[in-house]
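Chemist: could you work out the structure for the sequence below:
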Amino acid sequence: MTPSMPSTMQALDQLNTSQAPAVSDEQRRQLLLERQAMRIKDLQETVKRCEEEIDQLKTQILDAYPIGDYQAGPLCVKVKAGANRLNTAKLTAAFPADKYPQLYESKLSTKQVRSQFAPTALADYMTIGTPQVMVA
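Modeler: Numbering: from 1, shown residues only. The predicted structure is shown next:
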């Protein structure tokens with residue numbers, strides 16, 4: 001992890017200074033991309049550490065306090081019971097579809113659709129998600 005990694009704008013400014021060695025536009029783009037990727041990686045690691053610490057703190061609170069609302073200085077801490085969810089695997093085993101069809105609903109299987117049609121035939125039925133940047 002790079003300590004005090006400069007922001008993208010700072011990195012771009014450094015690349016554009018007159019003291020920077022002469023580099024082509026493509027080299028400058030490549031250097032900027034490398035710095036942006038390093039900054040993303042650094043921030044992802046920071047977020048991961050913060051999320052781990054948050055999880056630890058929440059576990060400590062859950063261990064120390066029963067369900068209820070608590071005043072913590074200017075903040076309110078709410079300890080809530082876990083959600084009750086149906087275990088569909090157990091229900092399916094106990095109430096099979098052939099004996100209890102009223103408990104089931106049919107729905108379109110996109111897996112089956114993809115296996116039955118060529119990708120070009122499905123083009124009009126596709127939606128495209130937001131482009132993403134992944135740094136590994």
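Chemist: okay, residue 106 and residue 97: tell me how far apart.
Modeler: Using C-beta to C-beta, to the nearest Å, residue 106 is found at 10 Å from residue 97. All C-beta spots, glycine's among them, are computed from the backbone N, C-alpha and C.
Chemist: for these two, indicate the residue with more neighbours.
Modeler: Neighbours of residue 106 and residue 97, each counted by other C-beta atoms under 10 Å, are more numerous for residue 97; the result is 11 against 7.
Chemist: for the chain, just list every one of the helices.
Modeler: 8-16, 25-64, 88-94, 110-116 (DSSP state H).
Chemist: kindly reformat these as TSV containing mean neighbour count and mean pLDDT.
Modeler: Formatted as TSV, the helices of the chain follow (neighbours: other C-beta atoms under 10 Å; pLDDT from 0 to 100):
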stretch	mean neighbour count	mean pLDDT
helix 8-16	13	66
helix 25-64	12	95
helix 88-94	10	95
helix 110-116	10	94
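Chemist: between those helices, which one is closest to residue 101.
Modeler: Closest to residue 101 of the helices of the chain is helix 88-94 (C-beta to C-beta; 12.7 Å).
Chemist: pLDDT score for residue 22?
Modeler: Residue 22 is assigned 73 on the pLDDT scale.
Chemist: burial measure for it, as a count.
Modeler: With neighbours defined by other C-beta under 10 Å, the count for residue 22 comes to 5.
Chemist: please tell me how far it sits from residue 79.
Modeler: Residue 22 is 61 Å from residue 79, by C-beta to C-beta.
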